[in-house]
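**Student:** What follows is a predicted structure for the sequence shown.
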Amino acid sequence: MQLIRDLKDTLLPHQNGVGLAAPQIGVILRVVIIRLGAGNDQDCEANSPIALVNPEIVDFSEECKDYDGCLSFPGLYGETTRPHYLRVTGIDEDRKPFERDFTGFDAVVLHHEIDHLDGVLFIDRIERLEELYRVVMDSYGKPVQIPVTEIVPIIRVTDLAE
């Protein structure tokens, strides 16, 4: 399927990219790709993305806090709450029906991509603006989180009324 090839061609050049949904490349179809194993110490780049067509969550666990980011918002991260277990049905890349369990960060990634299919972005799951951040390297080469509120001035409705 050409769409799946397009999704993979779009994702693969992004070293930190672990998933992509068709709406992110302007195609309004329920297709996602994800790289399994991204939350492990192993190099997830070595894992080829798998495609899921019409994925539907049929069971999930209690939600836990985890970090989130998105290729649609390069360099922006935040803490979201998502399930760490999903049972999903759909159609695989070979056009065969499947039912599969996803756990840990794989479940988080898949939940994020299914959100894209439903018009939900990870920033919609952020409770407070102060929880969004960028990661920069300090003078010692150590990554530091900088809240977006320290980078971008926030204009409140009350400011506009003055």
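**Tutor:** In hand now; what should we look at? All values derive from a computational prediction rather than experimental measurement.
**Student:** quick one, strands of this structure?
**Tutor:** Using DSSP state E, the strands of the chain run over residues 19-21, 31-34, 50-60, 63-70, 73-83, 85-92, 97-103, 132-137, 143-147.
**Student:** I'd like those written out as TSV, with mean pLDDT added.
**Tutor:** Converted to TSV, the strands of the chain look like this (pLDDT from 0 to 100):
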stretch	mean pLDDT
strand 19-21	97
strand 31-34	98
strand 50-60	98
strand 63-70	92
strand 73-83	93
strand 85-92	98
strand 97-103	97
strand 132-137	90
strand 143-147	89
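**Student:** Quick check: which of those strands is nearest to Ile114?
**Tutor:** Ile114 sits nearest to strand 50-60 of all these, at 5.7 Å, using C-beta to C-beta. (Each C-beta comes from the backbone N, C-alpha and C, glycine too.)
**Student:** And the closest one, what does it pack against?
**Tutor:** The contact analysis (3 or more C-beta pairs under 8 Å, 6 or more residues apart in numbering; DSSP states H and E) places strand 50-60 against helix 2-11, strand 31-34, strand 85-92, helix 104-117.
**Student:** can I get the ones you listed in TSV with mean neighbour count and distance to Ser72?
**Tutor:** Output for the helices and strands packed on strand 50-60, formatted as TSV (neighbours: other C-beta atoms under 10 Å; distance: least, C-beta to C-beta, whole Å):
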stretch	mean neighbour count	distance to Ser72
helix 2-11	15	12
strand 31-34	26	13
strand 85-92	17	21
helix 104-117	22	8
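**Student:** Glu127: which of the ones you listed is closest?
**Tutor:** Nearest of the helices and strands packed on strand 50-60 to Glu127, taken as C-beta to C-beta: helix 104-117 at 15.7 Å.
**Student:** Distance from the chain centre to the closest one, please.
**Tutor:** Distance of helix 104-117 from its chain centroid, counting by C-alpha atoms, centre = their mean, to the nearest Å, is 6 Å.
**Student:** before we move on, back to that, let's have the helices and strands packed on strand 50-60 in JSON lines, adding distance to Glu79.
**Tutor:** Listed next are the helices and strands packed on strand 50-60 as JSON lines, based on distance: least, C-beta to C-beta, whole Å:
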{"stretch": "helix 2-11", "distance to Glu79": "23"}
{"stretch": "strand 31-34", "distance to Glu79": "20"}
{"stretch": "strand 85-92", "distance to Glu79": "19"}
{"stretch": "helix 104-117", "distance to Glu79": "12"}
